[in-house]
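In: Build the 3D model from these lines:
(one chain, ligands or ions: 1)
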Amino acid sequence: EPTSGHFCDSRKAHPMSKLINEAIMNNDFLMKLEPQHMREMVDCMYEKIYIANQLVIQEGEPGNYLYVLAEGLLEVMQNGKLLGQMRPGTAFGELAILYNCKRTATVKAVTQSYIWALDRQTFQSIMMRSTQARHEEY
Ligand code: CMP
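Out: The predicted structure follows:
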């Protein structure tokens, strides 16, 4: 998994922001987040490149990143059994981040893949900041 040490940039309006936003909106678990949370998440994501056959997520490990596939092809496996494939515009790795559980499946790059990542600490601080900002309104 990627290492920390990045920054958030709301000015860059990176070309992937639309794809990332739509991926988050299409995810059953992430779609419940507020629009402001989603915007900040997009601003704080950074790109990682995985080569063919490289593992993105290992089942059973603690998870510290949430991902969005921008380009490439991934496969999802559980107990060595293929569950399916992921195509660009898919958000994944949300379960361990949201529910503080172990990774429920293995995710592997089939081809070279461009993946946007958000680390748990940044995710949590976004949620905290927005909650505080809301409290201050009252
Ligand atoms: P997480 O458990 O954090 O890490 C593995 C990810 O794979 C998981 O979050 C989901 O995003 C994804 N995932 C789990 N089960 C399936 C499935 N049956 N089909 C597609 N994706 C899955």
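In: in stretch 50-66, what counts as buried?
Out: Buried residues in stretch 50-66, counted by 16 or more other C-beta atoms under 10 Å: 50, 56-57, 59, 63-66. Just so you know, the C-beta spots here come from the backbone N, C-alpha and C atoms, and that holds for glycine as well.
In: and it, how far apart are its ends?
Out: 15 Å (C-alpha to C-alpha, to the nearest Å).
In: looking at it, Leu66 is touching Glu94, isn't it?
Out: Yes: the pair Leu66 / Glu94 is scored as a contact, 5.4 Å apart, by C-beta atoms under 8 Å.
In: where do the contact lists of those two overlap?
Out: Residues touching both Leu66 and Glu94 (C-beta atoms under 8 Å, 6 or more residues apart in numbering) are Leu30.
In: thought Met31 was touching Asn21?
Out: No: here Met31 does not reach Asn21: they are 11.0 Å apart, not a contact under C-beta under 8 Å.
In: Would you double-check that Ala23 falls in a helix?
Out: Yes: assessed with DSSP: H, G, I helix; E, B strand; the rest coil, Ala23 lies in a helix.
In: before we move on, the earlier item: want to try TSV for the buried residues of stretch 50-66, with pLDDT as columns?
Out: Listed next are the buried residues of stretch 50-66 as TSV, based on pLDDT from 0 to 100:
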residue	pLDDT
Tyr50	98
Val56	98
Ile57	98
Glu59	98
Gly63	96
Asn64	95
Tyr65	97
Leu66	97
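In: Could you dump those residues into a markdown table with secondary structure added?
Out: Formatted as a markdown table, the buried residues of stretch 50-66 follow (three-state DSSP):
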| residue | secondary structure |
| --- | --- |
| Tyr50 | strand |
| Val56 | strand |
| Ile57 | strand |
| Glu59 | coil |
| Gly63 | coil |
| Asn64 | coil |
| Tyr65 | strand |
| Leu66 | strand |
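In: where exactly do the helices run in the chain?
Out: Under the criterion DSSP state H, helices of the chain are mapped to 17-26, 35-44, 94-99, 120-136.
In: Out of the ones you listed, flag the one nearest the ligand.
Out: Closest approach to the ligand among the helices of the chain (C-beta to the nearest ligand atom): helix 94-99, 3.4 Å.
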